[in-house]
Every structure is written in structure tokens, then in C-alpha cells.
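In: Output the structure for:
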Amino acid sequence: MTVIIEGLLASIYQKPEFKDKETGEVKPGKYILQLQTMNELKNGEKKLELYDISIPDDLIPQYKGKVGENVQVRCKFFTENNTPVKFYGV
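Out: Now for the predicted structure:
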């Protein structure tokens with residue numbers, strides 16, 4: 001399933017490089033978009049949330065220069081061992 005997350009692009013950063021446990025190969029860290037959204041709660045209050053969305057390197061040019069603007073990111077998502085949902089751009 002694919003979802004679209006829309007919000008204010010607060011930041012773009014690259015995670016540190018890491019070593020593959022199986023091969024020992026050092027790989028570059030993934031790029032992360034940080035999106036701010038304003039969600040309305042059942043009681044009418046508004047809650048600001050920040051989502052970290054990993055994206056493939058080929059999508060970086062699409063978002064560079066858009067920090068501070070509203071953007072839409074097409075995502076898939078997953079969760080492991082009852083952790084919060086994690087999103088990744090496609």
C-alpha cells in the first residue's frame with residue numbers, strides 16, 4: 001500500500017555511513033526528509049508531529065531547495081515488534 005504524506009519540509013539530512021554486518025562493506029547513510037504536520041485530536045486540540053522519511057538517493061533533487069515549503073511524499077510504511085510506523089519514500 002502506498003500513502004501520501006503532506007507537510008512542511010523542515011529538514012533534509014544524511015545519516016552517517018554504516019558497516020554491513022554480513023559483508024563488512026561500508027555503505028553511505030540514507031537521506032531523511034523531516035516533515036512537520038499538524039494533526040487535529042478528537043478533542044479539537046492540534047498536535048504538531050515530525051515524521052522522518054527515508055528516501056532513495058535519486059529522489060533528493062526533487063526535494064533540495066524546498067525546505068520551508070509544503071511538499072507531498074509518496075511513501076510505503078512498515079512496523080516491527082510493535083514499534084511506531086516507519087515511512088520510506090518511493
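In: Please report phi then psi for the nearest residue to Glu49 once chain neighbours are set aside.
Out: Nearest-residue entry for Glu49: Thr37, 5.2 Å, with adjacent residues in sequence omitted and distances by C-beta to C-beta, 6 or more residues apart in numbering. Placement of C-beta: from N, CA and C, glycine included. The phi/psi pair for Thr37 (degrees, to the nearest 10) reads phi -130, psi 160.
In: show me the contacts for Thr37.
Out: The contact partners of Thr37, taken as C-beta atoms under 8 Å, 6 or more residues apart in numbering, are 5-8, 48-49, 51.
In: what's the answer for Val26, then?
Out: Residues near Val26 by C-beta under 8 Å, 6+ apart: 17-20.
In: Those residues in strands, which ones?
Out: With strands taken from DSSP state E, the overlap with the contacts of Val26 comprises 18-19.
In: Go ahead and flag the most central residue of this structure.
Out: Of all residues in the chain, the one closest to the mean position by C-alpha atoms, centre = their mean is Ile53, 0.8 Å from it.
In: Could you pull out the helices in the chain for me?
Out: 60-63 (DSSP state H).
In: re the thing from before, got the contacts of Thr37 as TSV, with neighbour count columns?
Out: As requested, these are arranged in TSV below (neighbours: other C-beta atoms under 10 Å):
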residue	neighbour count
Ile5	17
Glu6	10
Gly7	21
Leu8	17
Leu48	10
Glu49	10
Tyr51	19
